[in-house]
Structure formats: structure tokens, C-alpha cells
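>>> Following is a predicted model, sequence given first.
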Amino acid sequence: MTQEEMTARGWPYDPFNGLKIMKSDLEYYFNSDPELQKSEERIIYLKTLVETLEEIMGTIRWRHTHIKNMIDWRRFTSGG
């Protein structure tokens with residue numbers, strides 16, 4: 001990002017004042033960023049939504065088999 005873009009968003013250009021961040025500390029800074037947290041929450045929500053919709057579609061896709069099995073079970077239990 002350019003310095004102008006960062007200034008437009010209200011972010012400091014060098015938030016670490018020239019300090020070099022170690023690789024092991026990156027997770028600490030990523031976890032403290034509220035924008036990254038919102039993005040992670042959104043990703044988790046959308047993944048959950050997709051999984052739920054896939055399960056619903058699977059149920060709809062195979063409902064004819066489930067209905068047939070229920071009818072067969074009723075016939076079996078009623079002796080017919």
C-alpha cells in the first residue's frame with residue numbers, strides 16, 4: 001500500500017517505528033488487528049453457511065430414497 005492510501009485510511013505509515021518484527025511475533029500482531037478479526041469471523045460464518053446449505057441440498061437430493069425407505073418400512077411393519 002502506498003503512504004497516501006494508508007494516510008487516507010488513518011493508519012500510520014510505520015506503526016512499528018522502524019522496529020523489525022520477528023516471525024514468531026507476527027501471530028500476536030495479526031490477532032490484535034480488529035479488521036483481520038472481522039474478516040476471519042466473516043470467513044468462518046460463510047464457511048458454516050456453505051456447509052449448511054450443502055447438507056440441505058444433499059437432503060433434498062436424496063429425499064426420494066428416504067421416502068421410499070419409509071414406505072417400505074411401513075409395509076414391512078404392517079405385514080404387507
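Yep, it's here. Residues are numbered from 1 along each chain as shown.
>>> any low-confidence regions in this structure?
Along the chain, segments meeting pLDDT under 70 span 18, 80.
>>> Look through the protein and tell me its longest helix.
Longest helix in the chain, counting residues (DSSP state H): helix 34-61.
>>> now that one, how far from the chain's geometric center?
Mean C-alpha position of helix 34-61 versus that of the full chain (CA atoms, centre = their mean, to the nearest Å) differs by 5 Å.
>>> T7: neighbour count?
The local packing of T7 (other CB atoms under 10 Å) involves 11 other residues. Placement of C-beta: from N, CA and C, glycine included.
>>> what does D72 give?
D72 has 10 neighbours, counted by other CB under 10 Å.
>>> and what of Q3?
Q3: 10 surrounding residues under other CB under 10 Å.
>>> ditto for M6
If you count neighbours by other CB under 10 Å, M6 ends up with 14.
>>> excluding its backbone neighbours, what's nearest it?
Leaving aside its chain neighbours, M6 sits nearest to Y13 (5.4 Å; criterion: CB to CB, 6 or more residues apart in numbering).
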